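J.: Structure for the following, please:
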Amino acid sequence: MFGKGSIFYSVTKNKCPRCQSGEFFRHSNHYRLSGFTKMNEDCDQCGLHYELEPGFFYGSMYVSYAFNIAWFVTVWVATSVLFPEINKMLQFLIVVVVLLAMFPISYRLSRLLYINFFVRFKNKEELNP
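T.: Predicted structure coming up:
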């Protein structure tokens, strides 16, 4: 279910959505600030061009927005429950710091999920008939 061939595998392992062997981002470290946004243009294993059309990844902003709303609500509720006497401004500051810390992960997950909506896994027999 979570092995090779699933969307979960592609997203968590930073792999090409079609062959799940090639790397999607150039660096596997989410927090490498000099290059966490750098993507490979094509898969080095199956040759899939990642940007399917010009501006393709603009749609991943909607996925990123959903992640950020979920993390905002989660952190807000957690701080409200764990620290009921907390000042609302401090609570908001905590949420903003957490969202900034989660930005590299949100960025990568949203792009990987978005391309996985449109490109399906193909095993070696399907790739090379």
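J.: State the helix or strand in which the residue sitting nearest the centre point of the chain lies.
T.: Centroid-nearest residue in the chain, with C-alpha atoms, centre = their mean: L109, separated by 0.6 Å. L109 is part of helix 88-118, with elements assigned from DSSP states H and E.
J.: what mean pLDDT does that helix have?
T.: Mean pLDDT, computed over helix 88-118, is 93.
J.: That one packs against which elements?
T.: helix 7-13, helix 60-82 (3 or more C-beta pairs under 8 Å, 6 or more residues apart in numbering; DSSP states H and E). Placement of C-beta: from N, CA and C, glycine included.
J.: If we go by neighbour counts, what in the first one is buried?
T.: Burial within helix 7-13, assessed by neighbour count using 16 or more other C-beta atoms under 10 Å, is assigned to I7, Y9, S10, V11.
J.: Quick one: residues contacting the second one.
T.: By that I understand Y9. Y9 is in contact with F2, G3, K15, Q20, counting by C-beta atoms under 8 Å, 6 or more residues apart in numbering.
J.: which residue sits closest to F72, ignoring its sequence neighbours?
T.: Spatial nearest neighbour of F72, excluding adjacent residues (C-beta to C-beta, 6 or more residues apart in numbering): V95 at 5.7 Å.
J.: Which residues are in contact with the one you found?
T.: F72, V75, W76, T79.
J.: So the second one is in contact with V96, correct?
T.: When you say that, I think you mean V75. No: between V75 and V96 there is no contact under C-beta atoms under 8 Å: 9.4 Å.
J.: Looking at the two, which has the bigger crowd around it?
T.: Higher neighbour count among V75 and V96: V75, with 18 against 12, using other C-beta atoms under 10 Å.
J.: Roughly how far does the more buried one sit from V119?
T.: As defined by C-beta to C-beta, to the nearest Å, V75 lies at a distance of 32 Å from V119.
J.: Give me the secondary structure label for the residue of the chain most remote from its centre.
T.: Within the chain, E85 marks the point farthest from the mean C-alpha position, 34.4 Å out by C-alpha atoms, centre = their mean. Secondary structure, DSSP: H, G, I helix; E, B strand; the rest coil: E85 is coil.
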